[in-house]
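In: kindly return the folded structure for what I paste below:
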Amino acid sequence: MTNITSPSSDLITLPSWLRSPIGKASEISQVQKIIKNSQIHTICEEGRCPNRGECYSQGTATFLLMGAICTRSCAFCQVDKGHAPMALDENEPQKVAEAVKILQLRYVVLTSVTRDDLKDGGAFWFVKVMEAIRNINPTTEIEVLTPDFGTGKDAFNQQRESIKTIVKAKPACYNHNIETVARLQNSVRRGAKYHRSLNVLAMVKELDPSIPTKSGLMLGLGETKEEIITTLKDLRHIHCDRLTLGQYLRPSLEHLPVQKYWTPEEFEELGNIASSLGFNHVRSGPLVRSSYHAGLDH
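Out: Sure thing, here's the model as predicted:
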């Protein structure tokens, strides 16, 4: 396991290209008020995404389903973990659907905390929320960003059944982030596996080749350019269609330190490489996140 947790290796000074404004305060506060009043969660707010103002203004948001407490403890993630997961809120599907209507969202991304405590990892809940949204927002398109659904005694078959459940609901895009290169998986994604994540995207294509698949990586955790390219090739080998590349930013001193701030020029180069490998939609830049401009990629 590569040691990437030494605080002395953290880079304290934030480069100028990472100091851009997060968006109009009025747009952010409007959504925050609606989210708070509805008692639902968005990864935009839980993760303090730097692009949330821009996405809100374009009619896009990413909802965080099944509570705000994760059953895993990934070393990069700001979402709360280490506690007992929350009971499912039976009203959450309707609350999300109503928030979509109030905000007049044209494109919605549904993600969730990882719920290894649920038999199917919560796949059925994704579908319940999708059905509720479509019931009162029939023209809104829905992208899913799911966990790997891959734990338990019969992990492979359970993973397949969970993915099949969601694929049958026909999302506009199926996203699952591989997050980092193979060498760093154990340090960065505790409880996740590189090939398990590849399996998610491969299974989607096997079950329904018409659904676009998508994945993303955070850069700055100690990976090399060569390792990034190898990961992109692995994703293309399973016919992953879309890609996001963004800079990892340390949420707190309790999280992994940044090893490198990749420059905008390096992101552009990597984006060009990704396009040359056959990805048909590539978003590559320091502030890019997995749902960035998602509604423009269909």
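In: in the strand or helix carrying Met130, what counts as buried?
Out: For Met130, the host element (DSSP states H and E) is helix 123-136. Residues of helix 123-136 classed as buried: Ala123, Trp125, Phe126, Val127, Lys128, Val129, Met130, Ala132, Ile133, Arg134 (neighbour count, 16 or more other CB atoms under 10 Å). (Each C-beta comes from the backbone N, C-alpha and C, glycine too.)
In: for Lys214, phi and psi?
Out: Backbone torsions for Lys214, taken as degrees, to the nearest 10, come to phi -150, psi 150.
In: same question but for Leu217, I mixed them up
Out: As for Leu217, its main-chain torsions (degrees, to the nearest 10) stand at phi -130, psi 150.
In: equivalent analysis for the one 10 residues further on, please.
Out: Backbone torsions for Glu227, taken as degrees, to the nearest 10, come to phi -70, psi -40.
In: near the nearest residue to Lys260 once chain neighbours are set aside, how many other residues are there?
Out: Using CB to CB, 6 or more residues apart in numbering and skipping residues adjacent in sequence, the residue nearest Lys260 is Gly220, 5.1 Å away. When neighbours are counted by other CB atoms under 10 Å, Gly220 registers 21.
In: in what helix or strand does Met218 lie?
Out: strand 213-219.
In: Arg160 now?
Out: With DSSP H and E as criterion, Arg160 is part of helix 155-167.
In: tell me the buried residues in that helix?
Out: So helix 155-167, judged by 16+ other CB under 10 Å, has buried residues Gln158, Gln159, Arg160, Ser162, Ile163, Thr165, Ile166, Val167.
In: repeat that for stretch 99-118.
Out: Counting neighbours by 16+ other CB under 10 Å, the buried set in stretch 99-118 is 99-100, 103, 105, 107-116, 118.
In: just to revisit the earlier point, state the mean pLDDT of the helix holding Arg160.
Out: Taken as a whole, helix 155-167 has an average pLDDT of 91.
In: show me the contact partners of it.
Out: The contact list for helix 155-167 (CB atoms under 8 Å, 6 or more residues apart in numbering) reads 119-121, 123-124, 126-127, 144, 146, 148-150, 152, 174, 196, 199-200, 203-204, 207-208, 211.
In: surely Asn135 touches Ala97?
Out: Yes: contact criterion CB atoms under 8 Å: Asn135 and Ala97 qualify, at 6.6 Å.
In: thinking again about what came up before, from the buried residues of stretch 99-118, which one has the minimum pLDDT?
Out: Among the buried residues of stretch 99-118, Thr114 carries the lowest pLDDT, at 73.
In: isn't that residue right up against Gly150?
Out: No: Thr114 is beyond contact range of Gly150, at 9.8 Å (criterion: CB under 8 Å).
In: and for these two, which residues touch both?
Out: Gly121.
In: for the one helix or strand Gln185 maps to, buried residues please.
Out: Per DSSP H and E, Gln185 falls inside helix 185-188. By 16+ other CB under 10 Å, the buried positions in helix 185-188 come out as Gln185, Ser187, Val188.
In: for that helix, give the mean pLDDT please.
Out: In the prediction, helix 185-188 has an average pLDDT of 87.
In: now it - C-alpha only, PDB.
Out: What follows is helix 185-188, C-alpha atoms only, in PDB (Å, rounded to 0.1, in the frame of the first residue of the first chain):
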ATOM      1  CA  GLN A 185      -7.300   2.200  -4.500                       C
ATOM      2  CA  ASN A 186      -6.700   0.700  -1.100                       C
ATOM      3  CA  SER A 187      -5.500   4.000   0.400                       C
ATOM      4  CA  VAL A 188      -8.100   6.200  -1.200                       C
END
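In: inside helices: which ones of the contacts of helix 155-167?
Out: Among these, DSSP state H puts Ala123, Phe124, Phe126, Val127, Arg196, Asn199, Val200, Met203, Val204, Leu207 in helices.
In: and of those residues, the nearest to His41?
Out: Phe126 (14.4 Å; CB to CB).
In: quick check: closest non-adjacent residue to the closest one.
Out: Phe126 sits nearest to Ile166 (CB to CB, 6+ apart), 5.3 Å away.
In: show the backbone phi and psi for Glu179.
Out: phi 70, psi -50.
In: wouldn't it be in contact with Val188 here?
Out: Yes: Glu179 is in contact with Val188 according to CB under 8 Å; the separation is 6.3 Å.
In: any stretches of the stretch 151-298 of the chain with poor pLDDT?
Out: 151-153, 252-253, 292-298 (pLDDT under 70).
In: swap in 90 and give it another go.
Out: 151-158, 186-193, 249-257, 289-298 (pLDDT under 90).
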